[in-house]
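A.B. asks: compute the structure for the input listed below.
(one chain, ligands or ions: 1)
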Amino acid sequence: MYPILYNPASALQLLPEDRFREIETDLNAARDEMRKDIQILKSGSTAPEPKQPLDAGFIELPRKLLSEFDNDRETSLLGRIQSKAESLRDEIDRFVILGIGGSYMGARALFEALCHPYHNELDRNARNEVPKIYFEGNNLDDRSMTALLELLTAKTSDRSSPDDRWGMTVISKSGGTIETAVAFRILREAMADYYGADSADLRKLIVPITGPSGKLRTLSECVGYEDLFEIPDHVGGRFSIFTPVGLFPAAMFGLNVEKLLTGAQEMTERFFNAPMGENPVVDYVATCHLLEEKCSIDIRVLSTWGTKLESVGFWYDQLLSESLGKQERGAMPVTVVNTRDLHSRGQQHQQGKRDKLITNLIVEETSEKIAIPNRSADTDIDELNWLAGRTVHDLQKAAIAGTNRAYREDTRPIADIRLPKLNEHALGQFFQMMMLATVLEGRLLGINPYGQPGVEAYKHNMIEELQQTEKKKGQP
Ligand code: PA5
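C.D. replies: Predicted coordinates:
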């Protein structure tokens, strides 16, 4: 079933012959620890202090959701997500997704990777009735918020026509993240102005996705929104793409969420069962870890081939940096989009410090067949006729081969992750591969990959700053 491939052969040339054997035992132990983590959650017992928080719930989630869907169809979580998305798509023409960090990056990655690059420019028919999609609540940026409000309220006169209606989902596990909460309040106000403060429309067109408790949960229960999707305990933000956090937006985009989950489930199975050398998760961690340990290569460049993969890279940037950037350790992730960034960062990657592992993220097959047109000899002024008939994809393949060769010739370490196609099944595998790899590496290093205590410092200071300005305002 079209497995994605990981090939670190070129990177491994920097290491001795028996490179993997050296850490095989440690990696097996780290993988066993992950098995034990699952057991701790299953047993309902409290995780030992250094393991808290223990957010290993993501590992078995795809399998659980699929089997629940097989048994209970429309009453299962997946069934409810799909039917809510279907009905909402029919009702509205613009859909806003509020969320930040792990409550944002996955949905954005799915949208950019799998939807039409100019989705919002298409008419409704060409969009397959999928509403225009907007992301907010992922920053404190008054210009973008004002612009979005202008857009949303520009065409609101006939409340009964889907063309004039908009809805939103607000995603926050804690329910207290300031960026998302503030955006929600502002947009809720705008919606209330249009649909009426206590209207049934509001309760139908706003879909909260949140944890079992918190301010958003309380607010949602108070208002009585028709549907609320819960983010389960023991699944952390950046590991939550296969909860309603990623699945509901994906269903809104018209994507096949079952295939996404199937890909993820298959990757989990490979991780726990395939031997080293044939196991993308274990091999990826072994390669990254050994290069860091033996060659001080601690910058991990995810070299994505195609603009559609940029947000997939940003999703991984967050995953790696928030999970392992602790105790003054953790490799540095960098996303590049090629060939675009060969014209910016490429120079440094080819001749700069030898501190980078370049992992290519490559899509093997594309359905687009745009080719270079032929011109008569007298109008071949740009001298591109020698390429006539070749597709843009052919050029990209040559660029990948050429870039890899240039790095190899200078003994720069590279590895490839190959997605057979850019679709739900392949991305499901990829997201799960990277989440499992991040946790495996954390367990190997003795760093708890879950939680992000470092992020609290800015939040605390920001609240303090706001409180101080409030106090000053009150002074004569
Ligand atoms: O990975 C994480 O846990 C974080 O990036 C969170 O997703 C982010 O801070 C948003 O949190 P919340 O969903 O509680 O609003």
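
A.B. asks: got the domain boundaries for the protein?
C.D. replies: 5-39+261-448, 61-255 (automatic domain parsing).

A.B. asks: tell me which of the ones you listed sits nearest to the ligand.
C.D. replies: Proximity to the ligand, assessed across the domains of the chain by CB to the nearest ligand atom, is greatest for domain 61-255 (2.2 Å). C-beta: built from backbone N, CA, C; applies to glycine.

A.B. asks: got the end-to-end distance for the closest one?
C.D. replies: Start-to-end span of domain 61-255 (CA to CA, to the nearest Å) is 19 Å.

A.B. asks: where does pLDDT dip in the stretch 201-350 of the chain?
C.D. replies: The stretch 201-350 of the chain contains no residues with pLDDT under 70.

A.B. asks: longest helix in this protein, by number of residues?
C.D. replies: Longest helix of the chain, by residue count under DSSP state H: helix 19-43.

A.B. asks: moving C-terminal from that helix, which element do we reach first?
C.D. replies: Going down the chain from helix 19-43, the next helix or strand is helix 61-72, by DSSP states H and E.

A.B. asks: which residues of the protein lie near the ligand?
C.D. replies: Neighbours of the ligand within the chain, by CB under 6 Å from any ligand atom: 100-103, 172-174, 177, 180, 236-238, 322, 452.

A.B. asks: tabulate the domains of the chain (TSV), appending mean neighbour count.
C.D. replies: Compiled in TSV, the domains of the chain are given as follows (neighbours: other CB atoms under 10 Å):
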stretch	mean neighbour count
domain 5-39+261-448	18
domain 61-255	19
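
A.B. asks: turn the ones you listed into JSON lines, including distance to Lys472.
C.D. replies: Shown next, in JSON lines, are these (distance: least, CB to CB, whole Å):
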{"stretch": "domain 5-39+261-448", "distance to Lys472": "34"}
{"stretch": "domain 61-255", "distance to Lys472": "20"}
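
A.B. asks: for the longest helix of the chain, which outside residues touch it?
C.D. replies: Helix 19-43 has contacts (CB atoms under 8 Å, 6 or more residues apart in numbering) with 12, 47, 51, 54, 56-57, 59-60, 234, 271-272, 276-277, 282-283, 285-286, 289-290, 436, 439-441, 443-444.

A.B. asks: same check on stretch 213-223?
C.D. replies: The list of residues contacting stretch 213-223 from outside it, by CB under 8 Å, 6+ apart, reads 170, 172-176, 181, 184, 202-203, 206, 208, 210-211, 228.

A.B. asks: and the average pLDDT for the top strand by length along the chain is what?
C.D. replies: As assigned by DSSP state E, the longest strand anywhere in the chain is strand 356-365. Mean pLDDT, computed over strand 356-365, is 97.

A.B. asks: what's the answer for stretch 11-26, then?
C.D. replies: 88.

A.B. asks: again, but for stretch 434-450
C.D. replies: On average, stretch 434-450 scores 98.

A.B. asks: starting at the chain centroid, how far to it?
C.D. replies: 17 Å (CA atoms, centre = their mean, to the nearest Å).

A.B. asks: what residues are up against the residue nearest in space to the middle of the chain?
C.D. replies: Centroid-nearest residue in the chain: Gly106, 2.8 Å away (criterion: CA atoms, centre = their mean). Contacts for Gly106 (CB under 8 Å, 6+ apart) come out as 240-241, 245-246, 315, 431.

A.B. asks: if I look at it, how far off is Arg159?
C.D. replies: Separation of Gly106 from Arg159 (CB to CB, to the nearest Å): 32 Å.

A.B. asks: which ones among the residues of the chain next to the ligand map onto helices?
C.D. replies: Among the residues of the chain next to the ligand, the members falling in helices (DSSP H) are 180, 322.

A.B. asks: follow-up on the earlier one: can you name the next helix or strand after the helix or strand hosting the residue nearest to the centre of the chain?
C.D. replies: Using DSSP H and E, Gly106 sits in helix 105-114. Toward the C-terminus, helix 105-114 is succeeded by strand 132-136 as the next helix or strand (DSSP H and E).

A.B. asks: other SSEs contacting that next one?
C.D. replies: In terms of contacts (3 or more CB pairs under 8 Å, 6 or more residues apart in numbering; DSSP states H and E), strand 132-136 is packed against strand 94-98, helix 105-114, helix 142-154.

A.B. asks: I'd like the ones you listed as a markdown table, with mean pLDDT appended.
C.D. replies: A markdown table is the format used below for the helices and strands packed on strand 132-136 (pLDDT from 0 to 100):
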| stretch | mean pLDDT |
| --- | --- |
| strand 94-98 | 98 |
| helix 105-114 | 98 |
| helix 142-154 | 94 |
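
A.B. asks: now these as JSON lines including distance to Asp32?
C.D. replies: Shown next, in JSON lines, are the helices and strands packed on strand 132-136 (distance: least, CB to CB, whole Å):
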{"stretch": "strand 94-98", "distance to Asp32": "38"}
{"stretch": "helix 105-114", "distance to Asp32": "28"}
{"stretch": "helix 142-154", "distance to Asp32": "46"}
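
A.B. asks: nearest to Glu310, of these?
C.D. replies: With CB to CB as the measure, helix 105-114 is the member of these nearest Glu310 (6.8 Å).

A.B. asks: need the CA coordinates for that closest one. CSV is fine.
C.D. replies: Provided in CSV are the C-alpha atoms of helix 105-114 (Å, rounded to 0.1, in the frame of the first residue of the first chain):
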residue,chain,number,x,y,z
MET,A,105,0.0,23.9,12.3
GLY,A,106,-1.4,20.5,11.3
ALA,A,107,-4.6,21.9,9.8
ARG,A,108,-2.5,24.5,7.9
ALA,A,109,-0.1,21.8,6.6
LEU,A,110,-3.0,19.7,5.4
PHE,A,111,-4.7,22.6,3.7
GLU,A,112,-1.6,23.8,1.9
ALA,A,113,-0.4,20.3,0.9
LEU,A,114,-3.6,18.8,-0.3
